[in-house]
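**Student:** Following is a predicted model, sequence given first.
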Amino acid sequence: MSNLFSTLHISGTALNVNQSAINIVSNNIANMNTEGYHKQKVNLAAVTVGLPVGNNVNSQINTNAGVEIISIERYSTNFLNSYYNDQISEQSYLNEQKNTMTNIANVFDDLEGQGLDTALQAFYEAINNFSKSPNDLNARRAFIEAASALAKSMNKIAKKMNDTEESNVGDGTNQYSLNHSKIKTTADSLNRSLDELASVNKMLANSQTGSLENNTLLDKRDLILKEISQYGDFKTEIQSDGSVKLSLGGIKVVSREGVEGYFGVQTGLKYDEYCQNNGIKNTNESNAVITLEKDGEILYQNINEKFDTGLIGGILDSENSYESIRADLDNLAQEIADTFNEIQTREGAYYLETNNGNTLLSNENIEDYKIFTTNDSSSNITAENISINQVFQEENGAEKLAAAYFPNNNPDINAVGNSNNITEMLNTRNQSDSIEKTYDEILGKITAAYESKTNESAMQDSVVQTLDNKINEQTGVNLNEELTDLIKFQNAFTASARVFSVCNNVLDTLVHLGE
Amino acid sequence: MDFHSLMEIMDKEIILYANMRELLAAKKLCIILNEVTKFPEIDAKILELTERIKETNEARIKITNGSNLNITTLINYSQQEAPEYTYKLEEYKRKLNNLSREVLELYKANTELLEFGITITDKSIQVIIGAFTPKKTNYSKYGKESGSHIGISTIVKEV
């Protein structure tokens, strides 16, 4: 029994084990920069005969010398992954909110001097010039042009707002508009991810746990779950074979068997019809209504409230932001119309009649000469429909502007130079609740919301990045760490092998003695 | 030959070899579980035990007049010189045979596991070093050379 160590040989099984273990290390290195890859490790064990490898001496003894791979361990942290996915959902929601505020801010951007701010300033400049020369027809026409430009500027902003919102969630009535909206393409993308998850689920059910193939599928599964988390707050239930059950707000979406339901989108109008036909009180105010469907049948008619976060939640909630700013803008349009219409048509205000030898005319029918009106014959003035009264666009329309004003209804019809009324219009600029200040408040609100959403989004980006780093730290491949560990193992193995060769002689003696 | 002293020494030897069996079993578990930090502690115990076994071996050889006799020979002697010890020696033989088989199995398993560990880590280190090594082409007087010139191995070959 001399030199027992040198008589040992590596069995064929052991060579295969060596090769497999090295393949795993190579795989780790090759995929160290692959997104979603989790580090893997080979777990070795001595080949057992009859009894499993255990902690007691007898079971250890009843083991033949030889090595096998018992499993390929995949470094993964389900808790962190689940938390990470929740945070990704929140990140997508906040990013979408930020995008919404960016879009709204872009609508109000006045960089090219075509915005509402410029139009308002030009309007007051025209009033100022008009007040200096109340009987000058050119000054009157300039006033009308400026008022028209102001109304058009508001129309343009309102249209841009509507177009941007429509590109997000459709217009609420037209299916074509909805089909080309962001919410629809997002739902379609989500459905594709659901199909992928169902496919991976099936493959996982058929693969052997702890194998290289199984681990690769688990990596793919986690990547898909990360993708799906971007859309909403989906809950996952990992099964023993690695497959996953996916649900949203208690509604089953994907099971082991496949996709339980696909997400669809219907217009607010269509949902309203459904509610009316079924005697349901419709509280929905959204242009787009998310459904869950399977095989052409709608399983759930309205699951908007289930998307309280994620990209879809962000898109749906963007409607609130648009609605809020649109309401402010409509109020501004109404305020502009009310302010100038009231001064233009108040008792004591007089307009000009040049054909009559430059005399002031009675204000009896001045009610018909409101400056601002609607272009769609509706009674409420909004940013979308505010328009200049057609009367002023006609020939001699400029004369209908009431520049003169006589208190106590005591007119001097020959006082053509009187500009008291138009001066009153100009004075509105200096009031504490002036139109320009109201507009500044709207801009301030947009800026504050934009900055708030940007900050929240940046903070959430930071949270997600930190978690990403943490997960990579725990499950990713770190070459330096691997190398350090390996060298540590190698030194320990080598030192231990030397110890064994030292006790060779003692074992020889034991064998000899027992003969 | 002082059979009484021989019995006492052999009792000690059997206990020491049984201890060795325990240590080798613990060592095997450590290798399998890759608990390399526990290696030095167990190895130190094995070395210490080895020394004690050697001392006991020498004491036994001294009693048998400088000859390293095996148990079968000792049984033959006892049958001629002190038959009252024969039964006990046969019992020792049975115990030693069992211990010998068990300790050797564990020893073989441990050394083979260690050798696999050394080979695997060496290859792994080579793969990682390979990943760090920039790819380049070398030319010699024979033209383009294939393969890497960097030969790395952490295995220490003992002559």
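**Tutor:** Happy to help now that I have it.
**Student:** Tell me who's in contact with A:Thr118.
**Tutor:** For A:Thr118, the contact set (CB atoms under 8 Å, 6 or more residues apart in numbering or on different chains) comprises A:Asp110, A:Ser153. All C-beta atoms are positioned from the backbone trio N, CA, C, and that covers glycine.
**Student:** so how far is chain B from it?
**Tutor:** Look at A:Thr118 and chain B: by CB to the nearest CB, to the nearest Å, they are 60 Å apart.
**Student:** Can you tell me the element that residue falls in?
**Tutor:** Using DSSP states H and E, A:Thr118 sits in helix A:116-132.
**Student:** State which helix of the chain is the longest.
**Tutor:** Reading this off chain A. When chain A is scanned for its longest helix (criterion: DSSP state H), the result is helix A:435-475.
**Student:** my bad, the chain I had in mind was chain B
**Tutor:** helix B:86-132.
**Student:** count of neighbours near the residue nearest to A:Asn331 when sequence neighbours are not counted?
**Tutor:** Distance criterion CB to CB, 6 or more residues apart in numbering or on different chains; nearest residue to A:Asn331, sequence neighbours excluded, is A:Thr438 at 7.7 Å. Using other CB atoms under 10 Å in any protein chain shown, A:Thr438 is surrounded by 14 other residues.
**Student:** Spell out which residues sit in contact with the residue sitting nearest the centre point of chain A, please.
**Tutor:** Among the residues of chain A, the one closest to the centroid is A:Glu96, at 2.4 Å (CA atoms, centre = their mean). A:Glu96 sits next to A:Leu311, A:Gly313, A:Gly314, A:Ile315, A:Asp317, A:Ser318 when contact means CB under 8 Å, 6+ apart.
**Student:** Find the nearest non-adjacent residue to it, please.
**Tutor:** Setting aside the residues directly before and after it, A:Glu96 is nearest to A:Gly314 in space (CB to CB, 6+ apart), at 2.6 Å.
**Student:** State the distance from the residue nearest the centre of chain B to B:Leu33.
**Tutor:** For chain B, the residue nearest the mean C-alpha position is B:Tyr107 (4.9 Å; CA atoms, centre = their mean). Remark: distance between B:Tyr107 and B:Leu33 (CB to CB, to the nearest Å) = 19 Å.
**Student:** Quick check: residues of the stretch 351-500 of chain A near chain B?
**Tutor:** Residues of the stretch 351-500 of chain A lying close to chain B (CB under 8 Å from any CB of the partner chain) are A:479, A:482-483, A:486-490, A:492-500.
**Student:** Report the buried residues of the helix or strand the residue nearest to the centre of chain A falls within.
**Tutor:** A:Glu96 belongs to helix A:78-107 when elements are defined using DSSP H and E. For helix A:78-107, the neighbour count (16 or more other CB atoms under 10 Å in any protein chain shown) marks A:80-81, A:84-101, A:103-105, A:107 as buried.
**Student:** how much distance is there from it to the middle of the chain?
**Tutor:** 5 Å (CA atoms, centre = their mean, to the nearest Å).
**Student:** Next, the angle helix A:116-132 makes with it.
**Tutor:** Per axes from the mean of the first three to the mean of the last three CA atoms, to 10 degrees, the angle that helix A:78-107 makes with helix A:116-132 is 20 degrees.
**Student:** and the angle from helix A:78-107 to helix A:435-475?
**Tutor:** Using the same axes, to 10 degrees: helix A:78-107 against helix A:435-475 is 160 degrees.
**Student:** Helix A:78-107 - what's its average pLDDT?
**Tutor:** Mean pLDDT, helix A:78-107: 92.
**Student:** and what of stretch A:337-357?
**Tutor:** The average pLDDT for stretch A:337-357 rounds to 85.
**Student:** Just the CA trace of that stretch, in PDB.
**Tutor:** Once non-C-alpha atoms are left out, stretch A:337-357 reads as follows in PDB (Å, rounded to 0.1, in the frame of the first residue of the first chain):
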ATOM      1  CA  ALA A 337     -64.000  86.400 -23.100                       C
ATOM      2  CA  ASP A 338     -65.900  87.600 -20.000                       C
ATOM      3  CA  THR A 339     -63.500  90.400 -19.200                       C
ATOM      4  CA  PHE A 340     -63.400  92.000 -22.600                       C
ATOM      5  CA  ASN A 341     -67.000  91.200 -23.600                       C
ATOM      6  CA  GLU A 342     -68.200  92.800 -20.500                       C
ATOM      7  CA  ILE A 343     -66.300  96.000 -21.000                       C
ATOM      8  CA  GLN A 344     -67.100  96.100 -24.700                       C
ATOM      9  CA  THR A 345     -70.900  95.700 -24.100                       C
ATOM     10  CA  ARG A 346     -71.400  97.500 -20.800                       C
ATOM     11  CA  GLU A 347     -73.900 100.300 -20.600                       C
ATOM     12  CA  GLY A 348     -72.200 103.600 -21.500                       C
ATOM     13  CA  ALA A 349     -69.900 102.000 -24.100                       C
ATOM     14  CA  TYR A 350     -70.100 103.500 -27.600                       C
ATOM     15  CA  TYR A 351     -68.800 102.500 -30.900                       C
ATOM     16  CA  LEU A 352     -67.900 104.400 -34.000                       C
ATOM     17  CA  GLU A 353     -69.800 105.100 -37.300                       C
ATOM     18  CA  THR A 354     -67.400 106.500 -39.900                       C
ATOM     19  CA  ASN A 355     -70.000 106.600 -42.600                       C
ATOM     20  CA  ASN A 356     -72.000 108.900 -40.500                       C
ATOM     21  CA  GLY A 357     -69.200 111.400 -40.400                       C
END
